[in-house]
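Asker: Model the following, please.
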Amino acid sequence: MNRFNFNPQQGAKKWGIILFFGLSLIIWIGCVDNQKMSTEPGEDQINVLSINSESSFSIVDLEDREFTLNKENVQVQAAIAAQESCIDSLLALAEVVGVGTGMTEDSSSLSIVVMTMSEMGNQLPDSLNSLPVVEMVTGEITALNATASLGKRGSGNMVGQDVDPTTKLPRPVPIGVSGGHFSVSGGTIGCRVRSSEDDDDDDEDDDDVSIFALSTNSVFAANNAASIGDNILQPSLFDGGQNPQDAIATLADFEPIEFSPTANNIMNAAIALTSVDSLNKFTPPDGYGKPKKNSVEASIGMKVRKYGRSSRLTKSKVEAINVTVEVNFSAGVARFVNQIVISKKKFSTFGDSGALIVAKKSPNKRKPVALLFALGEGVTIASPIQPILDRFGVKIDGPGNSGGED
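Answerer: Here you go, the predicted structure:
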């Protein structure tokens, strides 16, 4: 019997097998070629191809090591090097929208996480550079655009201490509530920040201290379309905000988004000049309270939470770090690098763009982690917070590591 014989009943299956091996070979060659270019001899470089055993990436005692699976971890560094050598080859596949470093489903090993539009199954290899490949079907990744419908507005009622984050609130307003540029639907006011040269975190009356609201470019700067000095409203336009009556801040700066599938955007962020009389530094009573002053780097498996305009207080965990992802905006596709992916379908929704994500568990409880801005099927995309703070020369306006409530 000739196994290469073709007939109408077996042809589709055989061509599927050929296609699988063809795609796997293309990806493998791309990874090897990229790795050869990125691992020229050097004391500080990691030659991922020299790691031959998958046990090199195995994880033990995950609960005890939750905050060690970040970029300071040697295993994670090796996994990231393996991932980065394959990014271009994987993103060249039509169904792939993102690539990151995460864990296998059973949390036994680090892995290359491949985010796809629809299930590719055996069209993806089982492993690359000795690292398991895990498919995450996310569908299209979409920015929680300020021009998109934000969902149902609140009634405006307040029950006890419960604050409706979609309504106009007494000044100073909490963080995590409705707000945005006067020309767009809006999103979430992430947090209050202050000029980083200020050393006295408790001196709110210092005339030399500049106070800002932090959110996304999409929410505060209308995806690059706004002008410095434009009014930021609370509540947002969608939630009934009027310009200039409801202005609480003016746009001070934003990081432009480059709309290109080959761009290397590292953040979706903007700040607006405000005051302590207009913006407070804690969430509504049903939120997590005050974010800490010092940030913490995202770790694979880290438990996090956020408070946003639409879904309020939610919690989940970091699924992948160092993610390169293609995000769809109304203005086009923009590629982002070094992002984080958070799992759970109901962690965020439209209107939550700009929400600050903080660590949930001690010793990093309430330390800022990232700024939320995009959504897929069951996943949230966020930009690490420290590069954002560095870019604008600000720091979170909150208590120190041991200050305030636990």
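Asker: since we're on the closest residue to residue 335 other than its chain neighbours, how many residues are nearby?
Answerer: Counting by CB to CB, 6 or more residues apart in numbering, residue 263 is the residue found nearest to residue 335 once chain neighbours are left out, at 4.7 Å. C-beta: built from backbone N, CA, C; applies to glycine. Residues near residue 263, counting by other CB atoms under 10 Å, number 15.
Asker: And for residue 257?
Answerer: Residue 257 has 25 neighbouring residues, counting by other CB under 10 Å.
Asker: Which residues are in contact with it?
Answerer: Neighbouring residues of residue 257 by CB atoms under 8 Å, 6 or more residues apart in numbering: 217, 223, 224, 265, 268, 329, 331, 334.
Asker: from the residues you listed, which is closest to residue 162?
Answerer: Relative to residue 162, the closest of those is residue 268; by CB to CB it sits at 29.7 Å.
Asker: Can you name the residues bridging to residue 279?
Answerer: Beta-bridge pairing of residue 279 under DSSP bridges involves residue 173.
Asker: Contact partners for it?
Answerer: With CB under 8 Å, 6+ apart, residue 279 has these contacts: 171, 172, 173, 175, 189, 192, 211, 213, 248, 249.
Asker: Just the buried residues of the residues you listed.
Answerer: Buried members of the contacts of residue 279, scored by 16 or more other CB atoms under 10 Å, are 172, 173, 175, 189, 192, 211, 213, 248, 249.
Asker: Sort out which of the residues you listed are in strands and list them.
Answerer: If you go by DSSP state E, the buried ones among the contacts of residue 279 have 192, 211, 213, 248, 249 in strands.
Asker: quick one: residue 97 and residue 137 touch, right?
Answerer: No. Assessed by CB atoms under 8 Å, residue 97 is found out of contact with residue 137, at 10.1 Å.
Asker: Now the common contact residues for those two.
Answerer: The contact lists of residue 97 and residue 137 share 115, 116, 117, where a contact means CB under 8 Å, 6+ apart.
Asker: What is the nearest of these to residue 353?
Answerer: Using CB to CB, the shared contacts of residue 97 and residue 137 come closest to residue 353 at residue 115, 19.1 Å.
Asker: how about the helices in this structure?
Answerer: Listed in chain order, the helices of the chain (DSSP state H) span residues 8-38, 74-84, 87-91, 217-220, 385-392.
Asker: If you average pLDDT over each of the ones you listed, which is lowest?
Answerer: Lowest mean pLDDT within the helices of the chain: helix 8-38, at a mean of 46.
Asker: Count the neighbours of residue 253 for me.
Answerer: Neighbour number of residue 253 under other CB under 10 Å is 17.
Asker: Grab the nearest non-local neighbour of it.
Answerer: Counting by CB to CB, 6+ apart, the nearest residue to residue 253 once its immediate chain neighbours are dropped is residue 271, at 5.4 Å.
Asker: With residue 216 as the reference, measure out to that neighbour.
Answerer: 11 Å (CB to CB, to the nearest Å).
Asker: Excluding sequence neighbours, find me the nearest residue to residue 223.
Answerer: residue 331 (5.5 Å).
Asker: Would you check that residue 212 makes contact with residue 191?
Answerer: No. With contact defined as CB under 8 Å, residue 212 does not count as touching residue 191 (9.5 Å).
Asker: So for these two, which sits in the more crowded spot?
Answerer: Between residue 212 and residue 191, residue 191 has the larger neighbour count (other CB under 10 Å), namely 28 against 23.
Asker: Can you give me every residue that contacts the more buried one?
Answerer: Taking CB under 8 Å, 6+ apart, one finds 175, 176, 213, 214, 281, 291, 356, 368, 396, 397, 398 in contact with residue 191.
Asker: ok, now with 6 Å
Answerer: 175, 214, 291, 356 (CB atoms under 6 Å, 6 or more residues apart in numbering).
Asker: ok so, going back, which of the contacts of residue 279 lies closest to residue 110?
Answerer: Using CB to CB as the measure, the one of those that approaches residue 110 most closely is residue 175, at 34.2 Å.
Asker: Closest one to residue 315 out of the contacts of residue 279, please.
Answerer: residue 175 (17.1 Å).
Asker: what separates the closest one from residue 322, distance-wise?
Answerer: For residue 175, the distance to residue 322 - CB to CB - is 28 Å.
Asker: do residue 73 as well
Answerer: Counting by CB to CB, the gap between residue 73 and residue 322 amounts to 12 Å.
Asker: Of the two, give the one with the bigger neighbour count.
Answerer: Set residue 73 next to residue 322 and count neighbours by other CB under 10 Å: residue 322 wins out with 26 against 18.
Asker: was I right about the more buried one contacting residue 80?
Answerer: Yes. The pair residue 322 and residue 80 qualifies as a contact (CB atoms under 6 Å) at a distance of 5.0 Å.
Asker: shared neighbours of these two, which are they?
Answerer: residue 101.
Asker: quick one on the thing from earlier: pretty sure the residue nearest to residue 223 contacts residue 259?
Answerer: Yes. Look at residue 331 against residue 259 with CB under 6 Å: they come within range, at 5.2 Å.
Asker: Correct me if wrong: residue 190 contacts residue 215.
Answerer: Yes. Residue 190 is within contact range of residue 215, at 4.9 Å (criterion: CB under 6 Å).
Asker: Need the residues touching each of the two.
Answerer: Common neighbours of residue 190 and residue 215, using CB under 6 Å, 6+ apart, are residue 354.
Asker: so where is this protein shaky, pLDDT-wise?
Answerer: For the chain, residues meeting the criterion pLDDT under 70 lie at 1-56, 58-67, 145-161, 198-207, 401-406.
Asker: rerun that using 50 as the cut-off
Answerer: For the chain, applying pLDDT under 50 flags the ranges 1-21, 26, 32-55, 60-67, 155-160, 403-406.
Asker: Which secondary structure elements does the strand of greatest length in it sit against?
Answerer: Secondary structure of the chain per DSSP E: the longest strand is strand 312-329. With contacts defined as 3 or more CB pairs under 6 Å, 6 or more residues apart in numbering; DSSP states H and E, strand 312-329 has these neighbours: strand 96-103, strand 142-143, strand 303-308, strand 332-343.
Asker: Could I get those in a markdown table, plus columns for distance to residue 181?
Answerer: Formatted as a markdown table, the helices and strands packed on strand 312-329 follow (distance: least, CB to CB, whole Å):
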| stretch | distance to residue 181 |
| --- | --- |
| strand 96-103 | 27 |
| strand 142-143 | 15 |
| strand 303-308 | 17 |
| strand 332-343 | 18 |
